[in-house]
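# Give me coordinates for this.
(chains A, B, C and D)
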Number of protein chains: 2
Amino acid sequence: MRRVAGGAKPASARPRPPRRRARTASSLRDVARLAGVSLPTASQALNGRARISSETRERVRQAARRLRYTPHAAARRLKLGRSNSVAIVPGLNMTGIFSDLFYRAVLAGVGSVFEEVGCRMLIAPPLRPSPQTPPFVEMAQAREVDGILVAGVVDARWVREALGAGVPVVVLDNFVPGLAAPAVVNDNAGGAYAATRHLAGLGHAQIGFLGAAVDYPFGRETQAGYTAALRDAGLTRDPRLEAAVPIDAGAAFRHALDLLAQPNRPSAIFAVTDMLALGVMRAAREAGLRIPADLSVVGMDDIELAATTDPPLTTVRVRKDVMGATAARILLRRIAGETGAPPVTTIANELVIRGTTGGWP
Amino acid sequence: MRRVAGGAKPASARPRPPRRRARTASSLRDVARLAGVSLPTASQALNGRARISSETRERVRQAARRLRYTPHAAARRLKLGRSNSVAIVPGLNMTGIFSDLFYRAVLAGVGSVFEEVGCRMLIAPPLRPSPQTPPFVEMAQAREVDGILVAGVVDARWVREALGAGVPVVVLDNFVPGLAAPAVVNDNAGGAYAATRHLAGLGHAQIGFLGAAVDYPFGRETQAGYTAALRDAGLTRDPRLEAAVPIDAGAAFRHALDLLAQPNRPSAIFAVTDMLALGVMRAAREAGLRIPADLSVVGMDDIELAATTDPPLTTVRVRKDVMGATAARILLRRIAGETGAPPVTTIANELVIRGTTGGWP
DNA sequence: AATCCCTGTCAAATCGGTTTGACAAATCGG
DNA sequence: CCGATTTGTCAAACCGATTTGACAGGGATT
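A predicted model of the protein is given here:
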């Protein structure tokens, strides 16, 4: 190859120029130099409790301030062995960390706690029903995070893998028996029971149930609460009044239309989430039924929306923020080395009576 | 103090036992040892393109697999100078990263891009109107993240500070002129224009406007679009038909009641966000007006909710996911060193005509 | 005056990787 | 058969901090 005078940029051939860094942040070394002390002395002056004369300490502090010194995060992490951050893992039943009205509120509670203690929150890619190792496990193995908070349904196998890497895990809204990770759950059964008892107390005898698939604990627990309430109220179950649907207002709408089209239609419906209850309300409008005169509706969750529907929705308020904050605090304790957390913490909820429930007949 | 025999746990006095690590993850050194090669050879075999015999490479790979080796995140970051992660900063106008219907959709778009390239998302604590240095600036100075994505309103001063630390910044939904950080915004003026023209085209002459405070660009831009559309349609502005309100359905409800109580009430209202439009719809019900027969309503954003109201809301669809994804891609390019991004990227939106708008009279 | 104990500072090791350059062995061309 | 090149491996330096232990100098004690 002919070399053009001046060089056809043999960039890779000659030793690369040291590429002066864009605007290199100052390191502890710079601070030490400016303060006229050695590097370890500067370190001690800034955060050590070692024997440093107050005069030196002040000099180092000023130098650090002048240079806008902030310790390099990765360097500290490497040396200290802590990353001061946790991973938030959206579970299999979440559509996405930012796309779920329920978990969003839970995570607000989580966030407030971690923010308070200065712990970073890393949003892990949402779980997928694939046999591949999910990213959060690799994050654990890479010690990228000090702890992991899983929100929702997760394959126990991966949790064990993460625990095996020595990183504590707390599971939100999903108790897996036998797992060495504490869980924080809502009292789903209790909530369903309270909602159903409320309707029975108003005189309803035909109480419909719009539940979730029973292959998730949530589906089973709400089902159980509903059934127990019927029994305690002296009512008999009628399978024609019950349906299991995906958690989706559209699906609820269609199933509710079916329920309401029956000759022996329910006079009240308990839907296990507010989104489902919204679908029921839409179906009632469609069927020409007035709420609550012709049909009572109770939801569960108390998403913000619930208070502004027409009429406002009676619902079981799930303490989403408390769930989140509790899980966060448990995780922080685990990270700190404490082990004495109960395997499950159940958060009680509260019936909020608004405008969609009324007496019958 | 009397010491009880057996000791009142002088825990802090005696040297803590070395606390053997829970189950120490394997390091590259272990892999090298198992494979019978030196440490740098193992490194090269796993990810270098250097001259390693394929036999050795395979041996190292197997050893790594056997030991479930995952490189220590902090160590790589320190050496490579990249953290492979970005900070998401909730702006001043966000109630919280998880509590805002609009930004939530934007961030879903952001997330999909970063997830695809394996870039971690760190949720920075939300900005507060305080003079203190916000955490995201420290994250930049600590090189904790490679880039910063600010969602919403932010003090230009802090953005400059972060840029000064050499960390690229992209601002979402808020263009600050003169800032060396590219912005991605919605065409607010265009959307307001389209909405207003739509109403004018239906024959409405009294078009009300529920806007936002004009001290944010969003308020000014929508105001401008509304005004221009009136002018182009040959209508005259009437200040009694306009109101500026906080972005909040409750506030919209109250202001809309006032607008509708006037003798010369609007026959149509354009509200600059869907949440406001929901408030207007509630106010119309309260005032006994049917939609769209007595009052047409147009919103803006097209939050999920908009399609399920009764009747479904006509609105300006903001391409929230596109905004997010675009901003993410621009940031990635900035991180890679490219500088040729336009200072503002405006995302066009689209009028979605549903059931809340009708002809007049 | 000799010994001892503090006090304040710094040299050196470490965390777990990546990268450069040196070196020995193998291969090649003439 | 010799020098040049290529190939495969490893020693050493480095990223930016923290922490341990050594050391010099000054004051108190005997």
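# and A:Lys264, what is it in contact with?
Just so we're on the same page, residue A:264 is Asn rather than Lys. When contacts are counted by C-beta atoms under 8 Å, 6 or more residues apart in numbering or on different chains, A:Asn264 touches A:Gln206, A:Asp238, A:Arg240. (Glycine included, C-beta is placed from N, CA and C.)
# any idea which of these is the one closest to chain B?
The shortest approach to chain B among the contacts of A:Asn264 belongs to A:Gln206, at 25.6 Å (C-beta to the nearest C-beta).
# Give me the secondary structure label for the residue lying closest to that closest one once chain neighbours are set aside.
In space, not counting the residues next to it along the chain, A:Gln206 is nearest to A:Pro266; the distance is 4.6 Å by C-beta to C-beta, 6 or more residues apart in numbering or on different chains. For A:Pro266, the reduced secondary structure class is coil; criterion used: DSSP: H, G, I helix; E, B strand; the rest coil.
# With A:Ile269 instead?
At A:Ile269 the chain is in strand, as set by three-state DSSP.
# coming back round to it: A:Arg319: which of the contacts of A:Asn264 is nearest?
Sorting the contacts of A:Asn264 by distance to A:Arg319 puts A:Gln206 at the head of the list, at 30.5 Å, by C-beta to C-beta.
# since we're on the residue nearest to A:Gln206, how many residues are nearby?
When neighbours are defined as other C-beta atoms under 10 Å in any protein chain shown, A:Pro266 has 25 of them.
# Can you tell me which of the contacts of A:Asn264 are classed as buried?
A:Gln206, A:Asp238 (16 or more other C-beta atoms under 10 Å in any protein chain shown).
# mind putting the contacts of A:Asn264 in CSV, secondary structure and pLDDT included?
Listed next are the contacts of A:Asn264 as CSV, based on DSSP: H, G, I helix; E, B strand; the rest coil; pLDDT from 0 to 100:
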residue, secondary structure, pLDDT
A:Gln206, coil, 96
A:Asp238, coil, 95
A:Arg240, helix, 95
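# ranges for the helices of chain A?
With DSSP state H applied, chain A shows helices at A:28-35, A:39-47, A:54-66, A:73-80, A:101-116, A:135-141, A:156-164, A:188-201, A:217-232, A:249-261, A:274-286, A:320-335, listed in chain order.
# if we can go back for a sec, can you redo the contacts of A:Asn264 as a markdown table with distance to DNA strand C?
As requested, the contacts of A:Asn264 are exported to a markdown table (distance: C-beta to the nearest atom of the strand, whole Å):
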| residue | distance to DNA strand C |
| --- | --- |
| A:Gln206 | 63 |
| A:Asp238 | 61 |
| A:Arg240 | 60 |
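# Nearest to DNA strand C: which residue in the stretch 201-350 of chain A?
Residue of the stretch 201-350 of chain A nearest DNA strand C, by C-beta to the nearest atom of the strand: A:Ile335 (17.6 Å).
# got a list of what that residue touches?
For A:Ile335, counting by C-beta under 8 Å, 6+ apart, the contacting residues are A:Val86, A:Asp146, A:Gly147, A:Pro168.
# repeat that for 10 Å
By C-beta atoms under 10 Å, 6 or more residues apart in numbering or on different chains, the contact set of A:Ile335 is A:Arg82, A:Asn84, A:Val86, A:Cys119, A:Val145, A:Asp146, A:Gly147, A:Val167, A:Pro168, A:Val170.
# Distance of it relative to chain B?
With the distance defined as C-beta to the nearest C-beta, to the nearest Å, A:Ile335 ends up 11 Å from chain B.
# so where's the stretch 1-150 of chain A shaky on pLDDT?
In the predicted model of the stretch 1-150 of chain A, residues A:1-24, A:50, A:96-99 satisfy pLDDT under 70.
# again, 80 this time
Low-confidence segments of the stretch 1-150 of chain A, defined by pLDDT under 80, are located at A:1-25, A:48-51, A:95-101.
# Close to DNA strand C: what parts of it are there?
Counting by C-beta under 7 Å from any atom of the strand, the stretch 1-150 of chain A comes close to DNA strand C at A:15, A:36-41, A:44, A:50-53, A:55-56, A:75, A:78-79, A:81.
# Would you mind checking these for buried ones?
Neighbour-count burial (16+ other C-beta under 10 Å) is assigned, among those, to A:Val37, A:Thr41, A:Gln44, A:Ile52, A:Thr56, A:Ala75, A:Leu78.
# could I get those residues as a markdown table with distance to B:Met94?
What follows is these, written out as a markdown table (distance: C-beta to C-beta, whole Å):
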| residue | distance to B:Met94 |
| --- | --- |
| A:Val37 | 43 |
| A:Thr41 | 43 |
| A:Gln44 | 40 |
| A:Ile52 | 43 |
| A:Thr56 | 44 |
| A:Ala75 | 32 |
| A:Leu78 | 33 |
